[in-house]
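1. Build me a model from this:
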Amino acid sequence: MTPLRLLTYNVRYDTPEDGDRAWAHRRDALADVVRSYDPDVVGFQEPLAHQVADLRERLPDHRIVGRGRAAAPDEGEHVPIGFRSGRFALADRETFWLSETPDEPGSVGWDADLPRIATCVRLRDEPADTALVHCNVHLDHRGERARLESATLLRRRLESFADGDPVILSGDFNCEADAPPIRRLVDADAPGLRFRDARTVASKPIEGPGTTRNDYDSLLAGMEIDHVLVTPGVGVERVATCADRDEDGRFPSDHLPVLAELTPPE
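-> Residues are numbered from 1 along each chain as shown. The predicted structure is shown next:
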């Protein structure tokens with residue numbers, strides 16, 4: 001398969017409490033950052049329905065799919081996936097909740113504070129006539145057990161959904177790479193689909209700061225919580241944490257995007 005550029009980006013939900021950093025003041029700069037990296041596939045975390053509409057308007061080369069995490073499809077934060085419509089066709093998709101009842105819309109799992117979802121798509125690379133699966137997630141920010149159980153659930157559900165196709169799992173995991181959820185995902189002996197942390201297997205040195213969080217003005221050290229994981233067979237050429245600022249010298253979101261240059265198997 002042709003090399004693939006994937007971006008994962010927590011864009012922060014729109015809230016008036018953010019004042020001059022509310023979405024209306026950030027959306028154009030944020031879309032500029034996305035376009036500058038020219039991703040084939042991009043996973044967003046946290047946008048509300050109107051933010052997804054804004055992203056669609058500003059990224060016309062990408063088809064963006066995904067629903068909200070509440071019981072009603074348009075309510076709550078989304079974890080949508082955008083893919084370059086000139087390259088990929090959507091072959092299959094599913095959303096499930098990171099809970100004990102993953103097919104129950106709006107369900108809250110274990111000790112989580114909020115409903116959490118996984119958005120999964122199977123994309124057919126039309127020029128190459130091959131397929132891959134991308135799963136985009138945002139794990140709970142408070143529930144330690146919920147994050148770990150979510151990792152277990154992801155391994156099981158993605159093994160079934162992928163049906164042998166290569167898988168890219170990315171998003172905001174609300175934990176660093178040495179935490180139990182990531183260790184569970186890369187564990188060779190755990191049941192379900194096994195992943196590799198793209199940062200640990202990249203051919204080139206990791207680029208960018210060692211954190212993915214900021215307060216719009218400064219980086220917040222020790223918070224590398226946004227990750228890209230791949231199944232064995234997916235090559236990883238490069239991983240970069242992208243610290244682009246807007247024209248006022250501020251970050252367009254309270255997270256930095258992470259770029260991965262990948263080579264799925266033929």
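
2. Enumerate the positions of the helix or strand hosting residue 95 that are buried.
-> Assigning secondary structure by DSSP states H and E places residue 95 in strand 88-97. For strand 88-97, a neighbour-count test (16 or more other Cβ atoms under 10 Å) marks 88, 93, 95-97 as buried. Bear in mind the C-beta positions are built from the backbone N, C-alpha and C, glycine included.

3. any idea which of those residues is closest to residue 4?
-> residue 88 (9.6 Å; Cβ to Cβ).

4. what sits up against the helix or strand harbouring residue 32?
-> Using DSSP H and E, residue 32 sits in helix 23-37. The contact list for helix 23-37 (Cβ atoms under 8 Å, 6 or more residues apart in numbering) reads 5, 7, 9, 11-14, 42, 51, 54-55, 58-59, 242, 244, 246-247, 252-253, 257, 259.

5. in the stretch 1-150 of the chain, which spans are helices?
-> Taking DSSP state H, counting those that start in this stretch as the test, the helices found in the stretch 1-150 of the chain are 23-37, 49-58, 144-162.

6. got those helices as CSV, with distance to residue 175 columns?
-> What follows is those, written out as CSV (distance: least, Cβ to Cβ, whole Å):
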stretch, distance to residue 175
helix 23-37, 24
helix 49-58, 24
helix 144-162, 6
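
7. quick one: the spatially most central residue of the chain and residue 45, what's the gap?
-> The centre of the chain sits closest to residue 171, judged by Cα atoms, centre = their mean, with a distance of 2.8 Å. In this view, residue 171 and residue 45 are 6 Å apart by Cβ to Cβ, to the nearest Å.

8. shared neighbours of these two, which are they?
-> Common neighbours of residue 171 and residue 45, using Cβ under 8 Å, 6+ apart, are 8, 10, 79, 136-138.

9. Out of these, give me the one that has the most neighbours.
-> Taking other Cβ atoms under 10 Å as the neighbour criterion, residue 8 ranks highest of those with 28 neighbours.

10. Name the nearest residue to that one, ignoring sequence neighbours.
-> Leaving aside its sequence neighbours, residue 8 sits nearest to residue 170 (Cβ to Cβ, 6 or more residues apart in numbering; 4.1 Å).
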